[in-house]
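Novice: Got a predicted structure plus its sequence, pasted below:
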Amino acid sequence: MSKRLSRRELLKKAALGAAAAGIGFPAIVPARALGAEEKAPASERLGLGFIGVGGMGSGHLGGLMWRKEIEIRAVCDVYEPHRLAAKERVGGDCAAYNDFRDLLDRKDIDAVVIATPDHWHVLVSIAACQAGKDIYCEKPLTLTIEEGRALVNAVRRYGRVFQTGSQQRSEDNFRFACELVRSGRIGKLHTIRTGFGGAPTSGYQPDTDPPPGLDWNLWLGPAPWVRYNELRCLYNFRWFYDYSGGKMTDWGAHHNDIAQWGNGTELSGPVEIEGTATFPTSGLYDTATGFLITYTYANGVKLICGDGHGAKFEGTDGWVHVDRGFLEASPPELLQEKLGPGDVHLYQSVGGHHQNWLDCIKTREKPICDVEIGHRSVSVCHLGNIAIRTGRKLRWDPENERFLGDDAMNRWLSKPMRAPWHL
């Protein structure tokens, strides 16, 4: 048997758990009631810049522009219609740039939100670190594992506050599910199942000149040179290994992140990886259309990534299954548990993922999805992609981030960048 909790019940449960742990749980108040339409004094506002303002970037813009403690001073996008639309949306003296380096040169910008295609995340983020900016960067955080380690090192070297956009960590149902698992409520954890489907396929269409206003050379950046094709750009970049990692990184960076959180391995990783997959046999897209990947961790837990949805934790005494707006358990009484002071209480992001980042910029504490966590979460996905693309059973050293006994496989940890771009 199982029982689902509604959003109202989830919030009530989270409040009870927080009270038991001595943690404050804020009421949910509409933005206008908080006075969000009234800006803080100019000297107290955080100057923000947005790099990449189509798709997810546009969503982040809408989620942050109403906040009274910030002022959006510049936007950047290599596609002119996107950047001009964002500039008009913000209004005032907001500037618009084609090249992210021009935005980063501004001394009045304290922090940036990065929502470029995945192959640009690390280069832009490292440049932002060097420019003294704090960073919110979309997931999946990296294109390769070695990129991720370079980014972590840069964030630490320059002392930046870095939030990875894996916002499920800031949702109550995911945290509560992981707290139940790590507090032993399902007995000894032995299996985690995550699912999110495979990438689509495409037909062929001819290459063309880029549309007016698109800086195609800068869009490609460190990726190999190819002529423009509509199927490569905007949302569809996800289905090319040159720019992303398919559904494995697009959604795996969400659900495998939660899997590792519940397993207590969010700062580590698996020790063995093997899997099978199907790939497109025609068209332009090249990422896996389906896969079944098994990860084994040092504690004996297996993470099986394939069909289904969300993250399901299976233990000797029951299971918990969590997804967006969804929480289910067996026995159902698990969802009525009240976690006490002696139980595991995970990082609680008060006010949401954006607010957690803004609060940490003030305190200089690490956000709920710090750069190391973002790197480790997407590394699991990269390891899965390497396993299915090579057809090899892999042994992995998560401490040193190298494959064991197979130096040739370590070449998969990075990829060349097109000049003049480099780490």
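Specialist: Arrived safely.

Novice: tell me the domain ranges of this protein?
Specialist: By the record's domain assignment, the chain is partitioned as 24-166, 169-347+371-413 (automatic domain parsing).

Novice: Between those, which one is closest to residue 360.
Specialist: domain 24-166 (5.0 Å; CB to CB). The way it works is simple: take the backbone N, C-alpha and C, and place the C-beta from them, glycine included.

Novice: Determine which residue lies closest to the centroid of the chain.
Specialist: Closest to where the C-alpha atoms of the chain average out (CA atoms, centre = their mean) is residue 139, at 2.8 Å.

Novice: Could you look up the SS state of residue 148?
Specialist: Following DSSP: H, G, I helix; E, B strand; the rest coil, residue 148 is assigned to helix.

Novice: Could you check how far residue 369 is from residue 222?
Specialist: Per CB to CB, to the nearest Å, residue 369 is found 24 Å from residue 222.

Novice: again but with residue 307, I slipped
Specialist: Remark: distance between residue 307 and residue 222 (CB to CB) = 34 Å.

Novice: Tell me which of the two has more neighbours.
Specialist: Ranked by neighbour count (other CB atoms under 10 Å), residue 307 and residue 222 place residue 222 first, with 21 against 14.

Novice: Please list all residues in contact with the more buried one.
Specialist: By CB atoms under 8 Å, 6 or more residues apart in numbering, residue 222 lies in contact with 119-120, 123, 417-418, 421-422.

Novice: if you set the cut-off to 7 Å instead, what comes out?
Specialist: For residue 222, the contacting residues are 119, 123, 417-418, 421, by CB atoms under 7 Å, 6 or more residues apart in numbering.

Novice: Pull out the buried residues from these.
Specialist: 119, 123, 417 (16 or more other CB atoms under 10 Å).

Novice: among those residues, which are in helices?
Specialist: residue 123 (DSSP state H).

Novice: Need the buried ones among the contacts of residue 222 in TSV (columns: distance to residue 192).
Specialist: Shown next, in TSV, are the buried ones among the contacts of residue 222 (distance: CB to CB, whole Å):
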residue	distance to residue 192
119	29
123	33
417	34
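
Novice: do you know how far the nearest residue to residue 80 once chain neighbours are set aside is from residue 415?
Specialist: Once flanking residues are discounted, residue 80 sits nearest to residue 213: 3.1 Å by CB to CB, 6 or more residues apart in numbering. In this structure, residue 213 and residue 415 are 29 Å apart, going by CB to CB.

Novice: Repeat that for residue 278.
Specialist: 23 Å.

Novice: where along the stretch 301-423 of the chain do the helices fall?
Specialist: Under the criterion DSSP state H, counting those that start in this stretch, the stretch 301-423 of the chain carries helices at the ranges 353-363, 371-390.

Novice: Nearest to residue 196, out of the ones you listed?
Specialist: Closest among the helices of the stretch 301-423 of the chain, using CB to CB: helix 371-390, at 10.5 Å.

Novice: pLDDT averaged over the closest one - what is it?
Specialist: Mean pLDDT, helix 371-390: 98.

Novice: residues making contact with it?
Specialist: 139-142, 144-145, 148-149, 151-152, 155, 162, 164, 166, 245, 248-249, 252-253, 256-257, 260, 266-270, 273-277, 288, 291, 293, 295, 305, 394, 396, 412.

Novice: what do you get if the cut-off is 6 Å, keeping everything else the same?
Specialist: With contacts defined as CB atoms under 6 Å, 6 or more residues apart in numbering, helix 371-390 is touched by 140-142, 145, 148, 152, 155, 162, 164, 245, 248-249, 252-253, 256-257, 266, 269, 273-275, 277, 288, 291, 293, 394, 412.

Novice: Just the buried residues of it, please?
Specialist: Buried, per 16+ other CB under 10 Å, within helix 371-390: 371-389.

Novice: for stretch 205-220, same thing?
Specialist: Residues of stretch 205-220 classed as buried by neighbour count (16+ other CB under 10 Å): 210, 214, 216, 219-220.

Novice: hmm, back to that, which ones among the contacts of helix 371-390 lie within helices?
Specialist: 145, 148, 152, 155, 248-249, 252-253, 256-257.

Novice: nearest to residue 72, of these?
Specialist: Nearest to residue 72 among the ones in helices among the contacts of helix 371-390: residue 155, at 22.7 Å, using CB to CB.

Novice: Distance of the closest one relative to residue 97?
Specialist: Per CB to CB, residue 155 is found 23 Å from residue 97.

Novice: The helix or strand that residue 61 is a member of vs helix 353-363, what angle?
Specialist: Taking DSSP states H and E as the criterion, the element that holds residue 61 is helix 56-64. Taking axes from the mean of the first three to the mean of the last three CA atoms, to 10 degrees, one finds helix 56-64 and helix 353-363 inclined to each other by 70 degrees.

Novice: how about low-confidence regions in the protein?
Specialist: In the predicted model, the chain carries pLDDT under 70 at residues 1-40, 42-43.

Novice: and if we set it to 80?
Specialist: 1-44 (pLDDT under 80).

Novice: circling back: distance to residue 71 for the helices of the stretch 301-423 of the chain - can I get that in a markdown table?
Specialist: Output for these, formatted as a markdown table (distance: least, CB to CB, whole Å):
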| stretch | distance to residue 71 |
| --- | --- |
| helix 353-363 | 12 |
| helix 371-390 | 25 |
